[in-house]
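A.B. asks: Just a sequence and a predicted model for now, questions to come.
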Amino acid sequence: MSETSTIRLSGPMAPRDAWTAERCPMAAAFGLVRNRSTLLILREALYGAERFGDFASRTGLSEPVAAARLKEMVADGLLAQDEYREPGQRARPRYRLTEKGSELAPVLLALKDWADRWIYDDESPIELRHVDCGAPVRVEIRCAEGHEIERANELELLPGPGARRRG
C-alpha cells in the first residue's frame, strides 16, 4: 500500500489483529444497503422521486425488483410510505426518505465525487449545487475540531467501545 492509502494503527488493543471486526459499522451499513438497486432507489429518493413508477423508470429496474427493494427499504426504515390520491384515481403509495435514509446522502454524494474524479475524469454528467447560493456541492471529511482530512494516512484506526478482543 502506498503511504496515501494506509491507516495508522494504534491504541490499547492494537495491532489490528488483536481485535475483531464482527460488529464492523461499514459491514453493517453494507448489509442494510445490500445492493446496487437499493443505492439507485436511494439516489432517486434523494433527487426527489416519490412514486413507484418514477423509481422503476429512472433506475432502469424492473417493476418486480423496484417493488421488492422499496418494500425492503420501508421495512429497514430508509423510506417511509404513505398514500396519495389524484382526483378520480385510486390511492397509490408514495415514498419519502426518512431521517435514517436522508443521512445516507453524504455516502451517495461521496460515491458521486469519487466517480467524477476516477471514472469521468472530472467531467461529471451531473452537477449538484446549493439551492441558496448556487455553489457546487462536495463532500468533505473533517474531524470534530474542524480540520479537513484529505488522505487516508491522516486517519488513526482505534478500537471503539464495541470492539471485541480476539479470543
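C.D. replies: Right, received. Where do you want to start?

A.B. asks: ok, then the element right after the worst-scoring helix or strand of the chain on mean pLDDT?
C.D. replies: Within the chain, confidence by mean pLDDT, DSSP states H and E is lowest for strand 8-9 among all helices and strands, at a mean of 55. Moving toward the C-terminus from strand 8-9, the next helix or strand (DSSP states H and E) is strand 19-20.

A.B. asks: Partner strands of that following strand, with direction?
C.D. replies: Using DSSP bridges, the strands paired with strand 19-20 in its sheet are strand 164-165 (antiparallel).

A.B. asks: can you count the residues close to the closest residue to E83 other than its chain neighbours?
C.D. replies: Using Cβ to Cβ, 6 or more residues apart in numbering and skipping the chain neighbours, the partner closest in space to E83 is A91 (4.4 Å). C-beta here means a position set from N, CA and C on the backbone, and glycine is covered the same way. When neighbours are defined as other Cβ atoms under 10 Å, A91 has 10 of them.

A.B. asks: show me the contacts for A91.
C.D. replies: Counting by Cβ atoms under 8 Å, 6 or more residues apart in numbering, A91 touches 83-85.

A.B. asks: Now the phi/psi pair for it, please.
C.D. replies: Here is the backbone geometry of A91 (degrees, to the nearest 10): phi -70, psi 140.

A.B. asks: picking that back up, list the ones among the contacts of A91 that fall in strands.
C.D. replies: The strands, defined by DSSP state E, take in 83-84 from these.

A.B. asks: With respect to A21, which of the contacts of A91 is nearest?
C.D. replies: Nearest to A21 among the contacts of A91: E83, at 41.7 Å, using Cβ to Cβ.

A.B. asks: so what's V137 closest to, chain neighbours aside?
C.D. replies: In space, V137 is closest to L128, 4.4 Å off (Cβ to Cβ, 6+ apart).
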